[in-house]
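Trainee: Build me a model:
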Amino acid sequence: SFRGYDGKSDLHVGITNTNGVVYNYNEEGIHRAETGWDECISVPLVQPDMFGLLQQWDKLLEEFSAGEAWLPHRYDEHDHNCYTYALAFINSVLTAQGKQRMSKSEFTEKFVIPQTKNASKYITLHQELTTNDFYIVPLPDQ
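Mentor: Residues are numbered from 1 along each chain as shown. So this is what the prediction gives:
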């Protein structure tokens, strides 16, 4: 639960297909999860007007995830993990589109940090409200 998140622990990363199934990688290999990601930070990667990419997304994700790079024995907590998996998939899509690949730091700065800052503000507000016994009531119509 986010209520216990201290902001210092690592978070698990996954990529969703167009039906919301989360593909993720850990020491047991690739997983496809339909549930269990209720409290997550969503980082939009594809613009709604990118119809061509959206139509191919599921096939690209499935084919990428079946690669030997994502077998369980290749997992390494620091160098070949869930974040590596997600970034490698994103970069494979960018390469297929003829676009430049992103470094880990570039992806983190451009996509992850803005979303985690928003989540951090929400978590901090939630913790303050619950710790100090505040509650929110709607304002009367004016």
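
Trainee: make it CA atoms for all contacts and neighbour counts henceforth
Mentor: Will do.

Trainee: quick check: mean pLDDT across the longest helix along the chain?
Mentor: If you go by DSSP state H, the chain has its longest helix at helix 113-131. The average pLDDT for helix 113-131 rounds to 81.

Trainee: mind checking how far it is from the chain centre?
Mentor: 17 Å (CA atoms, centre = their mean, to the nearest Å).

Trainee: Make 2 the first number, not 1, from now on.
Mentor: Noted, 2 is the first residue going forward, which turns the last one into helix 114-132.

Trainee: residues of that helix that come out buried?
Mentor: 116, 117, 120, 124 (16 or more other CA atoms under 10 Å).

Trainee: how about it as PDB, C-alpha atoms only?
Mentor: This file holds the C-alpha atoms of helix 114-132, laid out as PDB (Å, rounded to 0.1, in the frame of the first residue of the first chain):
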ATOM      1  CA  ILE A 114      10.400  11.800 -12.400                       C
ATOM      2  CA  PRO A 115       7.500  14.100 -13.300                       C
ATOM      3  CA  GLN A 116       5.000  11.300 -12.500                       C
ATOM      4  CA  THR A 117       6.700  10.300  -9.300                       C
ATOM      5  CA  LYS A 118       6.800  13.900  -8.100                       C
ATOM      6  CA  ASN A 119       3.000  14.100  -8.600                       C
ATOM      7  CA  ALA A 120       2.600  10.800  -6.700                       C
ATOM      8  CA  SER A 121       4.900  12.000  -3.900                       C
ATOM      9  CA  LYS A 122       2.800  15.200  -3.400                       C
ATOM     10  CA  TYR A 123      -0.400  13.100  -3.200                       C
ATOM     11  CA  ILE A 124       1.200  10.600  -0.800                       C
ATOM     12  CA  THR A 125       2.500  13.400   1.400                       C
ATOM     13  CA  LEU A 126      -0.900  15.100   1.400                       C
ATOM     14  CA  HIS A 127      -2.700  11.800   2.300                       C
ATOM     15  CA  GLN A 128      -0.300  11.100   5.100                       C
ATOM     16  CA  GLU A 129      -0.700  14.600   6.600                       C
ATOM     17  CA  LEU A 130      -4.500  14.400   6.400                       C
ATOM     18  CA  THR A 131      -4.700  11.000   8.000                       C
ATOM     19  CA  THR A 132      -2.000  11.700  10.700                       C
END
